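**Q** What would the 3D arrangement of this be:
(one chain, ligands or ions: 2)
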Amino acid sequence: MKVLVIGSGGREHALAQKCQSSKLVNEVFVIPGNDAMEEVATIVSDVQENDHLAIKSFVEQNNIEWVIIGPEQPLIDGLTDALEETNAKVFGPNKEAAQLEGSKEFAKKIMEKYDIPTAEYKTITTKEEAINYVEQCKIPIVLKKDGLAAGKGVIVALTREEAREGVETLYQTPHEKVVFEEFLDGEEYSVMTFVNQSYAVPFDCIAQDHKRAFDGDKGPNTGGMGAYCPVPHITDDVLEETNQKIAQPIADALVSEGINYFGLIYIGAILTKEGPKVIEFNARFGDPEAQVLLTKLDSDFIEILNKVYHKEPLTLEWKDESVVGVVLASKGYPGSYDKGYSVEGLEHVDQYFVSALKKNSEGKYENNGGRVMIVIGTGDNIEAAQKNAYEQVKHIKSERLFYRNDIGHKALKAYKS
Ligand code: AMP
Ligand code: GLY
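**A** Ligands and ions are numbered 1, 2, ... in the order given. Here you go, the predicted model:
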């Protein structure tokens, strides 16, 4: 069969590779993809992610059997709905269901209604009210702009002064929708769950992201600077509780609301003293979590999707290894950065996925975005995988990239204590 992956980042690179390795697949296409995906897929760079009509004709003309939508934007824009009349099966929720990620307020309301544990919140739509609110609210407080912000629209204000500054940053006009949330204290972890209406199968392997830009979880929030799996210090009991209190209830809640969800729900969870709570839901695989989880996953990905589609019992098979992924980003990210600088040495790296590299007229790679690539290391445990990942990172030669030196540090700390 032929499959089509939508997107151009490292997550889509990993998805395309995983599809290509499926015994059911003859050809993988990626729209719009990136130059580094050539080895695993046919790149269709002249069609854009937001051109629903062009994607629809591509799917029809090429007899695509599965379309896998990687990023949130096309989901929220309704690409799944646009492909409904084709013969292809589309992995990714429709526009209505994708609000689970697209609107913080939508997600909060549904959690409140169905008793899914999350932070207390209040939505404030005027700057005037927000200015007053931050003078008397409990501190720390978390401010989240409604709508998509690529992991960058969240401000965790540890002091009242930071909360005041947060209001200035997020209210660009007198009327903006901002969710103010109770600050939750605990360790964060990511659980991917396959969902087809009330059928919900959470991955029995957790991943952990590193959201802050710099070592020691310092600096601004980013889309994610690295990830690893499994997370040995978050126990099976915690995962079980996450499934019972969050994964199955959110799938059931959507059904009760008359919303037809098919795809993946990413649970951004935090382990508080009162148990697991939701920080956020995403309507797709995490990036960079996908890159480490799909590396560890042994099962045939298309076979899995077929089972999810038919709501058949599903057991995920995992390779017996730990995986650590280190993101290399352009200096300045998540703020502004320069593009067009050479990045060399990829041929010496065993395993990597690319988010933003472009070949210049001489066929050499240049950086072309914020997060540029992820280098994958594997090993018998997190320590060995981390060592392997950083050994490989050394092969990448570029003056314009930076990375964190401590991906996996929470697992190593737990292991050593
Ligand atoms: P989000 O985009 O909602 O995942 O938020 C980005 C990051 O901000 C999260 O990964 C957390 O580290 C932090 N964060 C968000 N909401 C809260 C909260 N209620 N309490 C503590 N930290 C939070
Ligand atoms: N890694 C976090 C995200 O994909 O939103």
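
**Q** From here on, just use CA atoms for contacts and neighbour counts.
**A** OK.

**Q** Tell me who's in contact with the residue nearest in space to the middle of the chain.
**A** With distances taken as Cα atoms, centre = their mean, residue 286 lies nearest the centre of the chain, 1.8 Å away. Residues in contact with residue 286 (Cα atoms under 8 Å, 6 or more residues apart in numbering) are 11, 192, 266.

**Q** one more time with 10 Å
**A** 11, 70-72, 190-192, 207, 209, 223-224, 227, 264-268, 293 (Cα atoms under 10 Å, 6 or more residues apart in numbering).

**Q** Which residue ranges of the stretch 301-417 of the chain form strands?
**A** 322-330, 352-354, 357-359, 365-367, 371-379, 401-402 (DSSP state E, counting those that start in this stretch).

**Q** For the first one, name the packing helices and strands.
**A** For strand 322-330, the elements it packs on are strand 226-229, helix 289-296, strand 352-354, strand 371-379, helix 382-393, strand 401-402, judged by 3 or more Cα pairs under 10 Å, 6 or more residues apart in numbering; DSSP states H and E.

**Q** mind redoing it with 8 Å?
**A** On a contact count with 3 or more Cα pairs under 8 Å, 6 or more residues apart in numbering; DSSP states H and E, strand 322-330 meets strand 226-229, helix 289-296, strand 371-379, helix 382-393, strand 401-402.

**Q** TSV for the ones you listed, including mean pLDDT and mean neighbour count?
**A** Shown next, in TSV, are the helices and strands packed on strand 322-330 (pLDDT from 0 to 100; neighbours: other Cα atoms under 10 Å):
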stretch	mean pLDDT	mean neighbour count
strand 226-229	98	30
helix 289-296	98	25
strand 371-379	98	26
helix 382-393	98	21
strand 401-402	98	21
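
**Q** between these, which gets nearest to ligand 2?
**A** helix 289-296 (5.9 Å; Cα to the nearest ligand atom).

**Q** Give the burial count for residue 235, as a bare number.
**A** Residue 235 has 10 neighbours, counted by other Cα atoms under 10 Å.

**Q** From residue 27, how far off is it?
**A** 39 Å (Cα to Cα, to the nearest Å).

**Q** On the pLDDT front, check residue 142 for me.
**A** Looking at residue 142, its pLDDT is 95.

**Q** Now for it, how many residues are close by?
**A** 20.

**Q** tell me which element the closest residue to it other than its chain neighbours falls in.
**A** Spatially, and ignoring its direct neighbours in sequence, residue 142 is nearest to residue 156 (4.5 Å; Cα to Cα, 6 or more residues apart in numbering). Here residue 156 is covered by strand 154-157, with elements defined by DSSP states H and E.

**Q** Could you list every helix and strand that that strand packs against?
**A** Checked by 3+ Cα pairs under 8 Å, 6+ apart, strand 154-157 has strand 141-145, helix 160-170 packed alongside it.

**Q** Relative to residue 107, which of those is closest?
**A** Among the helices and strands packed on strand 154-157, the nearest to residue 107 by Cα to Cα is strand 141-145 (12.4 Å).

**Q** okay, now residue 185: neighbour count?
**A** Count around residue 185 with other Cα under 10 Å applied: 10.

**Q** before we move on, what about the one 3 residues further on?
**A** Residue 188 has 21 neighbours, counted by other Cα under 10 Å.

**Q** Kindly report the same for residue 52.
**A** Residue 52, neighbours per other Cα under 10 Å, totals 19.

**Q** One more: residue 405?
**A** 14.

**Q** residues in contact with residue 199?
**A** Applying Cα under 8 Å, 6+ apart to residue 199 gives the contacts 248, 251, 308, 311.

**Q** and if we set it to 6 Å?
**A** Residues in contact with residue 199 (Cα atoms under 6 Å, 6 or more residues apart in numbering): none are found.

**Q** Would you map the helices across the chain?
**A** 10-20, 52-61, 72-77, 79-82, 99-102, 104-113, 127-136, 160-170, 236-242, 248-256, 289-296, 301-309, 382-393, 409-416 (DSSP state H).

**Q** chain center to the longest one: distance?
**A** When you say that, I think you mean helix 382-393. Between the centre of helix 382-393 and the centre of its chain there are 22 Å (Cα atoms, centre = their mean, to the nearest Å).

**Q** angle of it against helix 409-416?
**A** If you take axes from the mean of the first three to the mean of the last three Cα atoms, to 10 degrees, helix 382-393 sits at 140 degrees to helix 409-416.

**Q** All further residue positions should be reported with the first residue as 111.
**A** Sounds good: first residue 111 from here, last item helix 492-503.

**Q** Point out the other helices and strands that helix 492-503 packs with.
**A** Contact partners of helix 492-503 among helices and strands, from 3 or more Cα pairs under 6 Å, 6 or more residues apart in numbering; DSSP states H and E: strand 432-440, strand 481-489.

**Q** does ligand 2 sit close to the last one?
**A** Right, the one you point to is strand 481-489. No - with Cα under 6 Å from any ligand atom as the criterion, ligand 2 is not reached by strand 481-489; the gap is at least 11.8 Å.

**Q** How much space separates the residue of the chain found nearest ligand 2 from ligand 1?
**A** Ranking the residues of the chain by distance to ligand 2 (Cα to the nearest ligand atom) places residue 396 first, at 3.3 Å. Per Cα to the nearest ligand atom, to the nearest Å, residue 396 is found 10 Å from ligand 1.

**Q** Same check on residue 402?
**A** To ligand 1, residue 402 is 18 Å away according to Cα to the nearest ligand atom.

**Q** ok, that residue - contacts?
**A** Taking Cα under 6 Å, 6+ apart, we find residue 402 in contact with residue 433.
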